[in-house]
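Participant: sequence first, then the predicted structure:
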Amino acid sequence: MPTCEICGEEVEDIYVCKICGYNFCINCGDPASEECEFCEEEDEI
Ligand SMILES: [Zn+2]
Ligand SMILES: [Zn+2]
């Protein structure tokens, strides 16, 4: 299974951040906008 690069968990569904390229799981970002939690925070400013 792929591994989330943010929390380190192995998950079935992985998403790729369109900004930084990190692989992230459902708990570590927004799959709808394809942004990891780090890039999501920057967007909210
Ligand atoms: Zn994660
Ligand atoms: Zn990101």
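Facilitator: Cool, the structure landed. Residues are numbered from 1 along each chain as shown. Ligands and ions are numbered 1, 2, ... in the order given.
Participant: Glu40: which element?
Facilitator: helix 37-43 (DSSP states H and E).
Participant: quick one, what contacts Asp3?
Facilitator: Quick fix: residue 3 reads Thr, not Asp. By C-beta atoms under 8 Å, 6 or more residues apart in numbering, the contact list for Thr3 reads 9-11, 14, 23. Placement of C-beta: from N, CA and C, glycine included.
Participant: spell out which parts of this protein neighbour ligand 2.
Facilitator: Neighbours of ligand 2 within the chain, by C-beta under 5 Å from the ion: 17, 19-20, 22, 36, 39.
Participant: Tyr22 and Asp13, how far apart?
Facilitator: Per C-beta to C-beta, to the nearest Å, Tyr22 is found 15 Å from Asp13.
Participant: am I right that Cys17 is in contact with Ser33?
Facilitator: No: at 9.5 Å, Cys17 and Ser33 do not qualify as touching, with contact defined as C-beta atoms under 8 Å.
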